[in-house]
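Peer 1: coords please:
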Amino acid sequence: MLLYNVTVGVDKEIAYEWLQWMKSEHMLDVLNTGMFKTAKIYQILHETDEPTISYSVQYFAENLNDVEKYLEEFAPKLREESNKKFPNRFAAFRTLLQEV
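Peer 2: Alright, predicted model coming up:
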């Protein structure tokens, strides 16, 4: 099992709207590609006065081929949609992890 983790820092002013969009649209769009079996989202807890709220968005895939296909065929369009909806209001970095 592979975990494709997207860590996102979202401006506090739009965090509620972003979270609702993620749950009702974006995560479903990613799952509908057929490349991932399930997805979860967690808020990252920290004790700072940062201007952002951080989330871990986790997508679970059965194999590396599915993740690579997602990254090549689907991710560019979905990332573009995110950037258009919330321009300059979030920052994301991605990590691929393998269960051991």
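Peer 1: mind listing the strands in the protein by residue range?
Peer 2: 2-11, 38-44, 52-61, 90-98 (DSSP state E).
Peer 1: Can you convert those strands into JSON lines and add a column each for mean neighbour count?
Peer 2: C-betas here are computed from N, CA, C, even on glycine. Compiled in JSON lines, those are given as follows (neighbours: other C-beta atoms under 10 Å):
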{"stretch": "strand 2-11", "mean neighbour count": "19"}
{"stretch": "strand 38-44", "mean neighbour count": "13"}
{"stretch": "strand 52-61", "mean neighbour count": "19"}
{"stretch": "strand 90-98", "mean neighbour count": "12"}
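Peer 1: And stretch 87-100, how far out from the chain middle?
Peer 2: 6 Å (C-alpha atoms, centre = their mean, to the nearest Å).
Peer 1: of the strands of the chain, which approaches Asn83 most closely?
Peer 2: Checking the strands of the chain against Asn83 by C-beta to C-beta gives strand 90-98 as the closest, at 8.8 Å.
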